[in-house]
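Asks: show me how the following folds:
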Amino acid sequence: MNWVSSPHRLVAVTLMAVLAFAWASADQADAKAARQRAAQTQQKRPIHGSDYKPPYAAIVVDDKSGQVLHELYADEPRHPASLTKIMTLYLLFEQLEAGKLKLDTPLPISSVAAIQRPTKLGLKPNQTLKVEDAIMGLVTKSANDAAVVVAEGIAGSEAEFAVLMTRKAKALGMASTLYVNASGLPAEEQITTARDQAILGRAIQTRFPNYYRYFATPSFRYRGIEMRNHNGLLGNVKGVDGIKTGYTEASGYNLVSSVWRNERHIVAVVLGGTSNSQRDARMRQLIEEFIMQASTQRTAPMIMEAVEAGNAE
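Replies: Here you go, the predicted structure:
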């Protein structure tokens, strides 16, 4: 009996050994693939240590002549951070202008919107947020939850809204800008340039002068909480009427400013500031240095959206 069963035991042991080797090889292959994916992800993810300095870029544009008065690294890719919300508001203003939404329209608050971090209004799921409160929350508090509420209210999802944002950017001539979310929260693929942000800063006020005034709002009270505008130049630098600040670790401290003085109008952009105060100080320098070089007469056409061939009548 032992003699008969021995060959079977030998076959079984050999088969188990082969299977064990195959399983081990498969595990090693899976582990190798996982390491490769992790390595690729790590290569794409910026490493921000204590000595990290976000790259700087700046531009100053004379809105009336279209002339660039100053630029430095203006076409280099940068992360927009909450400057993203300028485009979010552009698309929201478009809906208001078309009559598809009204200032008192209640927008539903989803659980996705409610869990956004870290700057937020503290919205609760299954409630609503009026369009005007969303606007005020975006321009003052730079509320990320309000940004998602707007995105979902217009496009159904933030991902679909980002597609609309990027499409609008291209139509405005912002050739180097790609949006993947409505708030500006960290996303490696979400990039822009100082030149593109100047285009947007000029376009939003010429297209929506009645709604653009919201960017000058000094503070906003929501559910008993007072929220001051993050733009420290408002009320402190002559002629500044907006528009938006932004910050993430990857972007540094960003600012788009619009300034009117003595019939002159400039839009200036600073990206990659090292602090709020340093960024604001640099913006002040640019404003004072170049505002008097701007034209008092309009010689350049307003920025207009390009009409897609498929939408032409």
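Asks: OK, contacts around residue 75?
Replies: Residue 75 makes contact with 176, 193, 194, 195, according to C-beta atoms under 8 Å, 6 or more residues apart in numbering. (Glycine included, C-beta is placed from N, CA and C.)
Asks: could I get those as TSV with neighbour count, pLDDT and distance to residue 187?
Replies: Output for these, formatted as TSV (neighbours: other C-beta atoms under 10 Å; pLDDT from 0 to 100; distance: C-beta to C-beta, whole Å):
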residue	neighbour count	pLDDT	distance to residue 187
176	16	97	16
193	23	98	16
194	28	98	19
195	22	98	20
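Asks: out of these, which comes closest to residue 235?
Replies: residue 194 (24.6 Å; C-beta to C-beta).
Asks: now do the closest one against residue 279, distance only.
Replies: 13 Å (C-beta to C-beta, to the nearest Å).
Asks: list residues touching both of those two?
Replies: residue 270.
Asks: in the stretch 101-250 of the chain, which spans are helices?
Replies: Along the stretch 101-250 of the chain, the stretches classed as helices by DSSP state H, counting those that start in this stretch are 111-114, 131-136, 144-155, 158-172, 194-207, 209-212.
Asks: out of those, which is the most enclosed?
Replies: Stretch with highest mean neighbour count among these: helix 144-155 (a mean of 25; mean count of other C-beta atoms under 10 Å).
Asks: tell me which residues are up against it.
Replies: 84-85, 88, 91-92, 95, 101, 107-110, 112-123, 129, 133-134, 137-138, 157-158, 161-164, 181-185.
Asks: also stretch 297-308?
Replies: For stretch 297-308, using C-beta under 8 Å, 6+ apart, the contacting residues are 63-67, 168, 170-173, 199, 202-203, 206-207.
Asks: repeat that for 10 Å
Replies: Outside stretch 297-308, the residues within contact range by C-beta atoms under 10 Å, 6 or more residues apart in numbering are 61-67, 94, 167-168, 170-173, 198-207, 263-265, 313.
Asks: out of the contacts of helix 144-155, which end up buried?
Replies: 84-85, 88, 91-92, 95, 101, 107, 109-110, 113-114, 116, 119-121, 123, 129, 133-134, 137-138, 158, 161-162, 164, 181-185 (16 or more other C-beta atoms under 10 Å).
Asks: quick check: strands, which of those are part of them?
Replies: 107, 129 (DSSP state E).
Asks: please report how far the closest residue to residue 208 other than its chain neighbours lies from residue 273.
Replies: Among residues not flanking residue 208 along the chain, residue 93 sits closest, at 4.2 Å (C-beta to C-beta, 6 or more residues apart in numbering). Per C-beta to C-beta, residue 93 is found 27 Å from residue 273.
Asks: how about the CA coordinates for stretch 240-255, as PDB?
Replies: Extracted C-alpha coordinates of stretch 240-255, given in PDB (Å, rounded to 0.1, in the frame of the first residue of the first chain):
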ATOM      1  CA  VAL A 240      -8.100  98.000  -6.500                       C
ATOM      2  CA  ASP A 241     -11.600  96.600  -7.200                       C
ATOM      3  CA  GLY A 242     -10.800  92.800  -7.000                       C
ATOM      4  CA  ILE A 243     -10.300  90.100  -7.800                       C
ATOM      5  CA  LYS A 244      -9.000  86.900  -6.100                       C
ATOM      6  CA  THR A 245      -6.400  85.300  -3.900                       C
ATOM      7  CA  GLY A 246      -5.200  81.700  -3.800                       C
ATOM      8  CA  TYR A 247      -2.900  79.400  -1.900                       C
ATOM      9  CA  THR A 248      -1.800  75.800  -1.800                       C
ATOM     10  CA  GLU A 249       1.500  74.300  -0.800                       C
ATOM     11  CA  ALA A 250       2.300  73.600  -4.500                       C
ATOM     12  CA  SER A 251       1.200  77.000  -5.800                       C
ATOM     13  CA  GLY A 252       2.500  79.300  -3.200                       C
ATOM     14  CA  TYR A 253       0.500  82.600  -2.600                       C
ATOM     15  CA  ASN A 254      -1.300  83.800  -5.700                       C
ATOM     16  CA  LEU A 255      -3.200  87.000  -6.500                       C
END
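Asks: need the helices of the stretch 101-250 of the chain in CSV with distance to residue 226, can you?
Replies: What follows is these, written out as CSV (distance: least, C-beta to C-beta, whole Å):
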stretch, distance to residue 226
helix 111-114, 22
helix 131-136, 12
helix 144-155, 16
helix 158-172, 28
helix 194-207, 26
helix 209-212, 23
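Asks: residue 93 and residue 273: which is more packed in?
Replies: With neighbours defined as other C-beta atoms under 10 Å, residue 93 and residue 273 compare such that residue 273 has more, 24 against 19.
Asks: show the contacting residues for that one.
Replies: Residue 273 sits in contact with 54, 56, 58, 245-247, 251-255, 279-283, where contact means C-beta under 10 Å, 6+ apart.
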